[in-house]
Every structure is written in structure tokens, then in C-alpha cells.
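[1] This is a predicted model, with the sequence first.
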Amino acid sequence: MPEENLDHIDFAELHKKAISQPLVTNIYTADPSAHVFDGKIYIYPSHDVDAGDAFDDLGSHFAMEDYHILSMETPTDTHAKDHGVSLHVKDVIWAEKQMWAPDAAEKDGKYYLFFPAKDCNGIFRIGVAISDSPTGPFTPEQEAIKDSFSIDPAVFQDDDGSYYMYFGGIWGGQLQRWRTGEFKSEDPESPFAFLPEENEPSLCAKVAKLSTDLLSFAEPVKDVVILDESGKPLLQGDTDRRFFEASWMHQYNGKYYFSYSTGDTHFLCYAIGDHPYGPFTYAGRILNPVVGWTSHHSICAFQGKWYLFYHDSSLSNGVTHLRCVKVTELHYDEAGKIITIDPYK
């Protein structure tokens, strides 16, 4: 449900129609990355705040400055526990502002929080912070991950123990500014500068295998190519299907499911491949549009069932940058396709 329709929404009625309710209401949260650690669900969201910045296509009004970790005993709990501030931008030497959507991973009893933030030059980088607890507090590394850029890190552990980071986002996420391998800062106020033409292949999310200590890329970054039904890369003008931001990776029945947001068309979509690097063939929609502008999610299994964690702006009655995380059960059909979810009945 795109933002331009908000003036016509009866929010009292919308709350009744919603298939799920906010997991926390004491703060605004978004972009939930959910994981099961030691039999318990931990959610790593953004923490939305109202910093007074005007809405723009660069996302300047998304002025988040810290992270709160949430936990749940089961996905059917009506509320999650807020464990308070686990990392603040003031504690990250290289970062200046806009701590956007994070993710987390566990290895050998250590917990790693991966997060994007703008450095002092206004360029998004991806950092990592470490803790002995899934809820933090997290101690950040002194520098951002070498050769990292853009936003929305999502870390996936494969069956062989390898970890991969998927990342990237266009417009305010700056992915289009890295098309030549170097950051292009000309025309900094336009999110549309450097984008491909509509009849050209769309910009791709990025993927790189992580080093064994999870602190750096173990290889050059690769494109996450999404193909259409004829085996050709999706075009930039195919805005209902092409990648915009919000990468996620999960496995189901031996296949790799790369899921993402289409951004300005407000869909959560997915594509299926046989390898963490892809290529991936477009397979359909996971979630139809929610109230608010953005759509960002994660998918995880718990006790044999699958769940979609997502957000909308219902808690703030439609304020774009003040969102709330939610969860609903996710189902597959016999062919392994995800059954599209409508967020409101």
C-alpha cells in the first residue's frame, strides 16, 4: 500500500484487517533480520527515530543512530522483548550517521552485528561489531569492512560452514554510484544519477564470501544476477520485479532463495538458484505492499515452520520513517513456490 494512498486510509479499520500486530510498541523498529540462536529467536532491526528531516528520495529522513535487539521465545508470541541499545553510532569511530538495516551471525560462540552507516564523507560503508551475547552490547571494529559499500548487509551461512554477505540498495543506498568500481559523487542530490536506462539490465545486489573471522571479504564482490523466465537478466525498467534493496538469503529443499524489495513499487519478491552466487530465476512475490513506503524483511525457520518478519508504518498511522516490525507464517506450495501474503485481510 504505497504512501500516496495514505490520506484515504481508515487506520482503525486497517489495524483490524492487519494479519499481524507490532512486536514492540515502545520504540519504532524496521528492517527485521531474524535468526534462531540456541533455540530462541533474535531480531536485529533498525531503530526508527523522528529527527525532523524532510522526506526525500535519498532517504535523509531515515536518520537512525543506534540498534536495539529484540527476542522472542516463539514466533507466535504477541510481543518481543526489547533488550535496549546494543550499539550507538557515537561508538563507531568511522561512522557519522544513518545506521540503517543490520544483520547478525553467530560463529564459535561469538555474535557478529553487520551494519551500514555513512562515513564522514557521506559514503555508505558496512561495519561489523562483536559480542559474547546475541543481545550485545557489541564492540565495533575500528574500521569499516575493506572494499564494502552501499547498504543492507545480510549474512548467510551455507551447509559447508561458509558465510556469504549479500548487500546493496539503489537510490539513497548509493549502489548506482559504484557502477565503475569507484564512488561517483557528482550530482549528489539526485538518487537517479548513474542508474541504467530502462532497457538495460538492472543493477544487481552484491555478494561476497566472508573471511573465516567474518571481518572482511575473502574475495572480490560479485553480482547477484536475477533472470527472467527466458533466462535473460531483469531490466531496470521492470520495476515490479527488479532488485532495489533489502537482500535476504535462505535455503529450502536444497535450493537457494534470494529475496529482496522492489523499493518504489513496494513488493517483496524472490528468485531461486542452485548456488549461493546464483544466477537466480525470478519466482514471484512474497508480500504485497504494506502501509508506508519501504518493504524490508527476513525469513527463518522455527520448529519446522517458516516465518516472514517484515515491517509496516501502521503503528505511526502511516508515517513513512516510523515503522514497526511484525511476523507472520510463510507457506510454500508443492513445487516450492512461496505463497504470496496479503498483509491486510
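    Yep, it's here.
[2] State the pLDDT value of the closest residue to residue 50 other than its chain neighbours.
    Spatial nearest neighbour of residue 50, excluding adjacent residues (C-beta to C-beta, 6 or more residues apart in numbering): residue 322 at 6.2 Å. Using the backbone N, CA and C atoms, a C-beta is placed for each residue, glycine as well. We have a pLDDT of 95 for residue 322.
[3] Which residues are in contact with residue 322?
    With contact taken as C-beta atoms under 8 Å, 6 or more residues apart in numbering, residue 322 is in contact with 28, 48, 50, 313, 315, 316.
[4] how many neighbours does the last one have?
    Burial measure for residue 316: 19 neighbouring residues, criterion other C-beta atoms under 10 Å.
[5] give the contact list for residue 306.
    By C-beta under 8 Å, 6+ apart, residue 306 lies in contact with 252, 299, 300, 329, 330, 331, 332.
[6] mind running it again at 10 Å?
    Residues near residue 306 by C-beta atoms under 10 Å, 6 or more residues apart in numbering: 75, 250, 252, 299, 300, 329, 330, 331, 332, 338.
[7] right, and the helix or strand after the strand or helix carrying the fifth one?
    Residue 300 is part of strand 298-302 when elements are defined by DSSP states H and E. Once the chain leaves strand 298-302, the next helix or strand it forms, by DSSP H and E, is strand 305-312.
[8] could you give the mean pLDDT of that following strand?
    Confidence for strand 305-312, expressed as mean pLDDT, is 98.
[9] Just want the angle from it to strand 298-302.
    For strand 305-312 against strand 298-302, the angle by axes from the mean of the first three to the mean of the last three C-alpha atoms, to 10 degrees is 150 degrees.
[10] Which positions within strand 305-312 qualify as buried?
    Residues of strand 305-312 classed as buried by neighbour count (16 or more other C-beta atoms under 10 Å): 306, 307, 308, 309, 310, 311, 312.
[11] Now the residues you listed in TSV, please, with extra columns for distance to residue 137.
    What follows is these, written out as TSV (distance: C-beta to C-beta, whole Å):
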residue	distance to residue 137
306	31
307	27
308	29
309	23
310	27
311	24
312	29
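[12] which one of the residues you listed is nearest residue 160?
    Taking C-beta to C-beta as the measure, residue 160 sits nearest to residue 306 out of those, at 22.4 Å.
[13] That closest one and residue 259, how far apart?
    Distance from residue 306 to residue 259, counting by C-beta to C-beta, to the nearest Å: 12 Å.
[14] Spell out which residues are contacts of both of those two.
    Common neighbours of residue 306 and residue 259, counting by C-beta under 10 Å, 6+ apart, are 250, 299, 338.
[15] Now for the first one: which residues touch it?
    If I follow you right, that is residue 250. So residue 250 contacts 154, 156, 256-259, 270, 298-301, 306, 330 (C-beta under 10 Å, 6+ apart).
[16] Ok, the last one next?
    Contacts for residue 338 were tallied using C-beta under 10 Å, 6+ apart; they are 252, 257, 259, 268-270, 272, 283-287, 299, 306, 308, 330-332.
[17] quick one, strands of the stretch 51-200 of the chain?
    Taking DSSP state E, counting those that start in this stretch as the criterion, the stretch 51-200 of the chain contains strands spanning 66-72, 81-88, 95-97, 103-107, 110-119, 124-131, 139-140, 154-157, 163-167.
[18] Could I get the ones you listed in CSV, plus columns for mean neighbour count, distance to residue 216 and mean pLDDT?
    As requested, the strands of the stretch 51-200 of the chain are arranged in CSV below (neighbours: other C-beta atoms under 10 Å; distance: least, C-beta to C-beta, whole Å; pLDDT from 0 to 100):
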stretch, mean neighbour count, distance to residue 216, mean pLDDT
strand 66-72, 21, 21, 98
strand 81-88, 18, 19, 98
strand 95-97, 18, 17, 97
strand 103-107, 22, 14, 98
strand 110-119, 22, 12, 98
strand 124-131, 22, 9, 98
strand 139-140, 16, 14, 98
strand 154-157, 22, 13, 98
strand 163-167, 23, 10, 98
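[19] Next, format those strands as TSV and append distance to residue 230.
    Listed next are the strands of the stretch 51-200 of the chain as TSV, based on distance: least, C-beta to C-beta, whole Å:
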stretch	distance to residue 230
strand 66-72	42
strand 81-88	45
strand 95-97	43
strand 103-107	33
strand 110-119	34
strand 124-131	34
strand 139-140	45
strand 154-157	28
strand 163-167	25
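[20] Among those, which comes closest to residue 195?
    For residue 195, the closest of those is strand 124-131, at 16.4 Å, according to C-beta to C-beta.
[21] Name every strand pairing with that closest one and say which way it goes.
    strand 110-119 (antiparallel), strand 139-140 (antiparallel) (DSSP bridges).
[22] ok so, going back, can you flag which of the contacts of residue 322 belong to strands?
    Those of these mapping onto strands are 28, 48, per DSSP state E.
[23] in this protein, which ranges drop under the pLDDT threshold?
    For the chain, the stretches flagged by pLDDT under 70 are 1-7, 53-54, 186-189.
[24] can we see that at 80?
    Within the chain, the ranges that satisfy pLDDT under 80 run 1-8, 51-58, 186-190.
[25] Which of the helices or strands spans the residue nearest the centre of it?
    The centre of the chain sits closest to residue 246, judged by C-alpha atoms, centre = their mean, with a distance of 3.4 Å. Assigned by DSSP H and E, residue 246 belongs to strand 245-252.
[26] That concludes my questions; thank you for your assistance.
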